[in-house]
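**Student:** pasting the structure only:
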């Protein structure tokens with residue numbers, strides 16, 4: 001009986017610790033938004049984002065993702081996506097990016113890939129990061145509603161017709177397997 005009570009109490013402590021960590025993370029994220037809004041230069045913003053990202057623990061990533069897709073982060077969504085990518089949370093970043101893409105109806109393909117290349121184009125793991133983002137966006141396509149599917153289809157140069165496809169058919173329409181095989185052959 002005492003083992004069961006100890007187990008229940010341990011679960012309550014763990015849940016309280018998680019709640020406290022989430023509240024702390026959300027407060028930090030809200031402060032980050034305020035800092036970004038005050039800053040003028042890209043270099044300053046990147047420095048603040050880097051500092052924020054470095055202080056995050058693995059347990060805080062879900063809360064950061066949740067905040068990043070909230071209305072409170074609307075003007076800073078892509079900044080939070082950068083933080084997540086920098087911390088190797090590309091799937092979570094893809095979720096944030098997909099929400100931002102829905103809110104950005106014009107020139108989605110150009111805007112996303114220009115942003116991506118500007119931030120990561122010089123990194124030696126650029127191609128691998130790009131494939132991770134592609135996989136994350138395809139996962140969002142599979143799970144998304146019509147607006148999300150259309151936004152992601154447009155990022156890959158497709159439109160309304162392809163946004164209504166199954167994931168497998170959409171991958172065929174963008175020659176995902178062929179491009180992936182070609183990239184893999186180039187890597188080796």
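**Tutor:** Yep, that arrived. These figures come from a predicted structure and were not determined experimentally.
**Student:** Which secondary structure element is home to the residue nearest in space to the middle of the chain?
**Tutor:** The centroid of the chain falls nearest to residue 93 when counting by Cα atoms, centre = their mean (0.9 Å). Using DSSP states H and E, residue 93 sits in helix 90-102.
**Student:** repeat for residue 49
**Tutor:** helix 42-54.
**Student:** show me what contacts residue 93?
**Tutor:** Residues in contact with residue 93, defined by Cβ atoms under 8 Å, 6 or more residues apart in numbering, are 81, 82, 84, 85, 133, 136. No exception for glycine: its C-beta is placed from N, CA and C like everyone else's.
**Student:** Just among those residues, which is most surrounded?
**Tutor:** When neighbours are counted by other Cβ atoms under 10 Å, residue 81 leads the contacts of residue 93 with 29 neighbours.
**Student:** Contacts only, for it.
**Tutor:** Counted by Cβ under 8 Å, 6+ apart, residue 81 has contacts 68, 93, 96, 97, 100.
**Student:** Serialize those residues to JSON lines and add fields for distance to residue 121.
**Tutor:** Formatted as JSON lines, the contacts of residue 81 follow (distance: Cβ to Cβ, whole Å):
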{"residue": "68", "distance to residue 121": "23"}
{"residue": "93", "distance to residue 121": "16"}
{"residue": "96", "distance to residue 121": "20"}
{"residue": "97", "distance to residue 121": "16"}
{"residue": "100", "distance to residue 121": "19"}
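**Student:** What is the nearest of these to residue 168?
**Tutor:** residue 97 (22.1 Å; Cβ to Cβ).
**Student:** residues near that closest one, how many?
**Tutor:** There are 31 residues near residue 97, going by other Cβ under 10 Å.
**Student:** State the distance from it to residue 22.
**Tutor:** The gap separating residue 97 from residue 22 is 22 Å, by Cβ to Cβ, to the nearest Å.
**Student:** Kindly report the same for residue 144.
**Tutor:** 25 Å.
**Student:** what residue ranges in the chain score low on pLDDT?
**Tutor:** 1-21, 33, 188 (pLDDT under 70).
**Student:** in it, which spans are strands?
**Tutor:** Counting by DSSP state E, the chain has no strands at all.
**Student:** which residues of it fall in helices?
**Tutor:** 2-38, 42-54, 61-68, 77-86, 90-102, 108-120, 126-143, 146-155, 160-163, 167-173, 176-187 (DSSP state H).
**Student:** Which one of the contacts of residue 93 is nearest to residue 51?
**Tutor:** When the contacts of residue 93 are compared against residue 51 (criterion: Cβ to Cβ), the nearest one is residue 82, at 12.7 Å.
**Student:** for residue 113, what are its contacts?
**Tutor:** Applying Cβ under 8 Å, 6+ apart, the residues near residue 113 are residue 155.
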